[in-house]
Every structure is written in structure tokens, then in C-alpha cells.
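In: here is my input; please provide its structure:
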Amino acid sequence: MKRGQILACSGLLLAALAAVGCSVARSQPPNPIMNISLQHFDGVEEVKYPWGWIRWLMNSKLDAGSAQTFGIVEIRAGRKNSLHMHPNCEELLYVLSGSCEHRVGDKKAVLKPGDLVRIPARTPHQATVHGKEPLRAVISYSSGDRQVVDLGPGKE
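Out: Numbers count the residues shown, from 1 in each chain. This is a model prediction of the structure:
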């Protein structure tokens, strides 16, 4: 079959499909803004703890479709959160201000602004703030339903 014949047959096929009510589907790009969930830091309540607070900006309670948990945490100067672990997700902690000594498993690291630590699932960890400035950090979890197991005093 020659090229002209192929084009003619293709045109006839499309015309025949159109005549019987069929159409050729064209791939459409997905709408990137179909379902958005927007939270404002000042519009989210602080969840208070003896050591400070967390503002949850995203999780599956706020948005049932969320596959992640995200928040901002503040641990007051001279305080520490309870030794704990997350059985169902890893945690990323990014320091915005202040500093702390962070225990992760059997290791300890000093974190300061700009530092990030990844805490694998099921790994005991705890932040202790030294100095006069509170620690403020972004916390992110690989599950929309972050679970926590308290391993020490001051239950979360």
C-alpha cells in the first residue's frame, strides 16, 4: 500500500467511526489542581505538651487523602520531648531555629538551623534543647496517619 492510500484509508476509518458515534480519545493531561488542601500556620491550633507544642499542617485527619504528616514543632529551652518512636513511618526533622542534641537510636547529634535528620521507622529518638532559645523545626512523616509509641516520661 502506498502512503497516499494509507492516508485515505485512515481518513475513511475516522469518518466511519464518527458516523457511528465513536470518537478517538485523545490523552488529556491531568488537572494538577483537582483537589488541593490548604492550611495556614496561624489558623491551626497548637497541640500543647509539657515540653512545647506542635501545629499539624497536614495529616489524614485534616485531609483524608493525605499520604504524609507535616507540622511545625517547638520545644522550649531547657526541655526535651519524651523518648519515643514511630512504628509506621520515618520522620524528617529540619531545624529552623534554636538547637538541640538529638538522640537517634544509640547515636547523638547536635542539630542547628539548616540541619536535617532522618529517623527511620521504629527507631527510638528524643530531642533535648540546650541554651536559652527554643528549638523550632519542621517535622515530616511518611504516613498520613503518624503513629507514636511513648518510651519514656512525659507522654506525647
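In: surely residue 148 meets residue 86?
Out: Yes. Assessed by Cβ atoms under 8 Å, residue 148 is found in contact with residue 86 at 5.8 Å. All C-beta atoms are positioned from the backbone trio N, CA, C, and that covers glycine.
In: looking at these two, which is more packed in?
Out: A direct count of neighbours by other Cβ atoms under 10 Å for residue 148 and residue 86 places residue 86 higher, at 21 against 16.
In: flag the shaky bits of the protein, pLDDT-wise.
Out: The chain contains residues with pLDDT under 70 at 1-34, 153-156.
In: which stretches in it count as helices?
Out: For the chain, the helices defined by DSSP state H cover 3-19.
In: distance check, the spatially closest residue to residue 109 that is not a sequence neighbour against residue 110.
Out: Distances taken as Cβ to Cβ, 6 or more residues apart in numbering place residue 102 nearest to residue 109, at 5.5 Å, with adjacent residues excluded. Going from residue 102 to residue 110 by Cβ to Cβ, to the nearest Å gives 8 Å.
In: those two: who's more crowded?
Out: Each of residue 102 and residue 110 has its neighbours counted (other Cβ under 10 Å); residue 102 has more, 22 against 10.
In: so that one is in contact with residue 126, correct?
Out: Yes. With contact defined as Cβ under 8 Å, residue 102 reaches residue 126; the gap is 7.4 Å.
In: circling back: let me see the contact set for the residue nearest to residue 109.
Out: Taking Cβ atoms under 8 Å, 6 or more residues apart in numbering as the contact definition, residue 102 lies against 93, 108, 109, 110, 111, 117, 125, 126, 127, 128.
In: pick out the residue nearest the middle of this protein.
Out: The centre of the chain sits closest to residue 68, judged by Cα atoms, centre = their mean, with a distance of 3.7 Å.
In: so that residue makes contact with residue 139?
Out: No. The criterion here is Cβ under 8 Å, and residue 68 misses it with residue 139 at 10.9 Å.
In: for residue 145, which non-adjacent residue is spatially closest?
Out: Nearest-residue entry for residue 145: residue 60, 4.9 Å, with adjacent residues in sequence omitted and distances by Cβ to Cβ, 6+ apart.
In: wait, what's in contact with that neighbour?
Out: 66, 67, 69, 144, 145.
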